[in-house]
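Visitor: Turn this into a structure:
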Amino acid sequence: NTWTATAPGIPDLPEVMALSPADPNTVYVGAATGFYRSTDGGNHWSLIPSQMSQYKTAIYFQILVDPLNPSTIWICAGNTPNPSGIFTSNDGGNTFAEITLPPVGFSPYSIAQSIALDPTHSGAVFAAGDGMPLMKSTDAGKTWSTLASVFGIVTVDPGNPSTIYCLTGFGVQKSTDGGNTFVNTGFMASGSNLVAVDPANSSRLYAALETTLYTSADAGATWTPTSIHAVTHFLTLPGRVLVGAQIPPQAYIAKFSPDLSQLLWSTYLGGSGYQTVSALAVDPSGNAIVSGTTASPDFPITGHATAAPGNTFLSKISADGTQLLASAYFGVPNSYIATIAVDPSGAVYVAGTQSGGALATTPQAFQSSLPDPCQRPQDPGGFRPASNGFAFVAKLITDLSSVAYSTYLTGTCGSAIFGMQEIGRAHV
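Guide: Predicted coordinates:
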């Protein structure tokens, strides 16, 4: 209900945080400027002069404190001299030792993006990552054995260490035999980034997509979305969860008087997720035509407008800002409308780039499909730069309900459009 700011002392935004299970006043924080510790609940902070504070480019993924031995700290971090990314300290973070993982396949080393501790066995640790299978050590990282070929974020059930969850690109997978075999749970969404178990109730799980927090009351068999969006971190406590979430960016449109001295009207445009605006134009009737991107499942779409799947939207707002006259999805995911123009009849022209999927071009389009793959010469290092997208131009009728034409405008190695003007025809 109430919050108190801690004392300053960490010059950068903290990336991860951990509390000592033996003393809640002892707090550890990983930040771009180093590894910090507070022994008075955040009233004072000190930069620990260990090697972790020397790695100014480190990106902290996790800090874990051994519940059976609180002086033992584990860190998983990227962009450090240690390829595995795992470090351990036996003296409360004053000094750290690098942990080495065995190589996997043709790679000379394994890179961990997640670690988890066995709450019943000090020195037992699990490690996993996008490019490495689940591994386990029972001797504090000296030796490792490879378990199942699941890749992602690993979490151990605090009430039953034989139950392990791994958050992969295919959703949440579950093991009941200590990580040797896994089965899919009911959470199959890709793009997830967090999973945790309630310490007081092994049936209660939490998982986060980039936009929504989900919960399960039956150990992962079924999942229910919550009203919490844009989740960045969460901390599970017995019977409750603390969630850190970003306030997602929101699209708005505003109209000012000619001399900018008066705000005539302003309105939000969007749903429960994020929205961004990429282009704006005004038609002959004074209506605002706006385009952008959205991650909102409930973005307002009008019934008479086109609604192709995608994350790019095109909307028309009345001249007085009180009505949504038309709103539609445009293209496919990874479309980007960079500019809008309107002709005297009110027809809407859009132009931008398409970097994923295929644009729905119209019959007799100037360029109905992409040309042959790019044959751009390699640089002296053998690298051939990839295209950032392919330009397109489209024309929609006044109420956005149908596309008059849609065409690519690109060469084999990509293109981009920055501006457009309608003078009897589209100039880009």
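Visitor: you'd agree G85 is up against Q113?
Guide: Yes. Counting by Cβ atoms under 8 Å, G85 does reach Q113; the two are 7.3 Å apart. Placement of C-beta: from N, CA and C, glycine included.
Visitor: So which of these two has more stuff around it?
Guide: Counted by other Cβ atoms under 10 Å, G85 and Q113 do not tie: G85 has more neighbours, with 28 against 20.
Visitor: Let me see the confidence value for that one.
Guide: Looking at G85, its pLDDT stands at 91.
Visitor: got the contact list for it?
Guide: By Cβ atoms under 8 Å, 6 or more residues apart in numbering, the contact list for G85 reads 61, 76-78, 111-113.
Visitor: Overlap of the contact sets of G85 and Q113?
Guide: Counting by Cβ under 8 Å, 6+ apart, the residues touching both G85 and Q113 are 61, 76, 78.
Visitor: Take these and keep only those in strands.
Guide: Counting by DSSP state E, the shared contacts of G85 and Q113 place 61, 76, 78 in strands.
Visitor: can you put those in CSV and add distance to T26 and pLDDT?
Guide: CSV is the format used below for those (distance: Cβ to Cβ, whole Å; pLDDT from 0 to 100):
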residue, distance to T26, pLDDT
F61, 21, 90
C76, 20, 93
G78, 25, 89
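Visitor: Adding neighbour count and distance to F96, write the residues you listed out as TSV.
Guide: Output for these, formatted as TSV (neighbours: other Cβ atoms under 10 Å; distance: Cβ to Cβ, whole Å):
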residue	neighbour count	distance to F96
F61	20	15
C76	26	12
G78	14	15
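Visitor: In CSV: the residues you listed, plus distance to P297.
Guide: Output for those, formatted as CSV (distance: Cβ to Cβ, whole Å):
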residue, distance to P297
F61, 28
C76, 32
G78, 31
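Visitor: burial of A32, as a residue count?
Guide: Counted by other Cβ under 10 Å, the residues lying close to A32 total 16.
Visitor: I meant to write Y60 there.
Guide: 23.
Visitor: which ones are touching it?
Guide: Y60 neighbours (Cβ under 8 Å, 6+ apart): 15-16, 30-31, 75-77.
Visitor: quick one, strands of the stretch 301-428 of the chain?
Guide: Along the stretch 301-428 of the chain, the segments classed as strands by DSSP state E, counting those that start in this stretch run 312-317, 324-330, 335-342, 348-354, 390-396, 403-408, 421-422, 426-427.
Visitor: cool, the stretch 151-300 of the chain as well?
Guide: 153-156, 164-168, 171-175, 183-184, 194-198, 201-208, 212-216, 224-229, 231-237, 240-245, 251-256, 263-269, 275-282, 288-294.
Visitor: could you dump those to CSV with mean neighbour count and distance to R37?
Guide: Formatted as CSV, these follow (neighbours: other Cβ atoms under 10 Å; distance: least, Cβ to Cβ, whole Å):
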stretch, mean neighbour count, distance to R37
strand 153-156, 25, 25
strand 164-168, 25, 29
strand 171-175, 23, 33
strand 183-184, 11, 40
strand 194-198, 22, 24
strand 201-208, 20, 27
strand 212-216, 20, 29
strand 224-229, 14, 30
strand 231-237, 16, 18
strand 240-245, 13, 20
strand 251-256, 15, 42
strand 263-269, 13, 42
strand 275-282, 17, 38
strand 288-294, 23, 41
